[in-house]
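Got a predicted structure here, sequence first:
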Amino acid sequence: MKIESLIRALAGSFVLLGVACAHFVSPWWLLLPTFVGLNLIQSAFTGFCPPSLLLRRMGWLDDSGVVHWGGKA
């Protein structure tokens, strides 16, 4: 899986989670999808993406942008 696909799936999941929590728990949970959206915008302009940094430190992301679950073989 390429890192771009993983980031889109991760962002979409957090947006849905935030909206569901806002509906069932508290409207303050709308801050989560707001943060995700702002992070996607800033990453489009700067190239800085916290999830990719974390995956690279864990050894799950190689130099070509491919995610290897559980680390590189």
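Nice, I can see it.

pLDDT score for residue 36?
Per-residue pLDDT puts residue 36 at 96.

Let me see the contact set for it.
11, 14, 15, 18 (Cβ atoms under 8 Å, 6 or more residues apart in numbering). The C-beta positions use only the backbone N, C-alpha and C, and glycine is treated the same way.

Next: residue 2.
Going by Cβ under 8 Å, 6+ apart, the list of residues near residue 2 reads 65, 66, 67.

And the pLDDT for it?
The model's pLDDT for residue 2 equals 92.

With residue 72 instead?
71.

Equivalent analysis for residue 19, please.
98.

What segments of the protein are helices?
3-24, 31-46, 50-58 (DSSP state H).

how about those helices in CSV, adding distance to residue 72?
Formatted as CSV, the helices of the chain follow (distance: least, Cβ to Cβ, whole Å):
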stretch, distance to residue 72
helix 3-24, 14
helix 31-46, 24
helix 50-58, 10
